[in-house]
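[1] with the sequence up front, the predicted model follows.
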Amino acid sequence: MKRYLLLCFLLIMTVTLSACGQKDSESAPEVSGTPVAAEEKAETTTTIEIAPPDGWTKMEESVLPVHYMKGTASFMAKAEPFAGTTLDEVVEEALAMYQKSFDNLEVQGEVEEIKIDEKDARKLTFTCSISGMDMKYVYVYVFVGEETYAITFGDQASTFDSIAADYETILSNIHFEE
């Protein structure tokens, strides 16, 4: 139980670290399987529609606007304050931040160019150590309106791949409405 609680804390901390350096306060969307609107900095409204596969539970107590768990795996989506004006710049900025934050960071393969809701996106997969635990993450970055969204999946490296099909299902079914 302690290990599960530590993992949950570490996953939340990981996403929180990615928001370091935020310049403006923002409201981000909440999602419970049905669309919920969020006010953005430019006074636009973005809705994220997400219907995770069976077994994913919405973390009602989370400080993050979109946060689901399945066992020790975590899925999150939120607007991030990256300065990059291209997706490749965002990935470089994120990698620089993660290299300072995580031990033994190792990018897995190449950064992939993918589509999320018909929008260009970049998919970064990496492993690292956090408090002696081997972790694996997929971070997907996509521009929606004036915002950069980070969609993240994380789990222990030993179990991450066992539900990789769920990650692909979630990514293929996300819909942003501006």
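    Here it is on my side, so go on.

[2] can you give me the helices in this structure?
    2-18, 87-101, 157-160, 164-173 (DSSP state H).

[3] alpha carbons of the second one, in PDB - could you do that?
    Taking C-alpha atoms only, helix 87-101 is exported to PDB below (Å, rounded to 0.1, in the frame of the first residue of the first chain):
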ATOM      1  CA  LEU A  87       6.100  21.100 -31.200                       C
ATOM      2  CA  ASP A  88       9.700  20.200 -31.700                       C
ATOM      3  CA  GLU A  89      10.700  23.200 -29.600                       C
ATOM      4  CA  VAL A  90       8.200  22.100 -26.900                       C
ATOM      5  CA  VAL A  91       9.800  18.600 -26.900                       C
ATOM      6  CA  GLU A  92      13.300  20.100 -26.500                       C
ATOM      7  CA  GLU A  93      12.100  22.400 -23.700                       C
ATOM      8  CA  ALA A  94      10.400  19.500 -21.900                       C
ATOM      9  CA  LEU A  95      13.400  17.200 -22.300                       C
ATOM     10  CA  ALA A  96      15.700  19.800 -20.800                       C
ATOM     11  CA  MET A  97      13.400  20.100 -17.800                       C
ATOM     12  CA  TYR A  98      13.000  16.400 -17.300                       C
ATOM     13  CA  GLN A  99      16.800  15.800 -17.500                       C
ATOM     14  CA  LYS A 100      17.100  18.200 -14.500                       C
ATOM     15  CA  SER A 101      14.200  16.600 -12.600                       C
END
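
[4] okay, buried residues for that helix please.
    The neighbour-count check on helix 87-101 (16 or more other C-beta atoms under 10 Å) flags 87, 90-91, 93-95, 97-98 as buried. (Each C-beta comes from the backbone N, C-alpha and C, glycine too.)

[5] can you list the low-confidence ranges for the chain?
    1-45 (pLDDT under 70).

[6] double-check residue 157 against residue 130; I have them as touching.
    No: contact criterion C-beta atoms under 8 Å: residue 157 and residue 130 do not qualify, at 10.6 Å.

[7] tell me what the residue nearest to residue 115 when sequence neighbours are not counted is bridged to.
    Using C-beta to C-beta, 6 or more residues apart in numbering and skipping residues adjacent in sequence, the residue nearest residue 115 is residue 121, 6.4 Å away. Here residue 121 sits in beta bridges with residue 114, residue 142, going by DSSP bridges.
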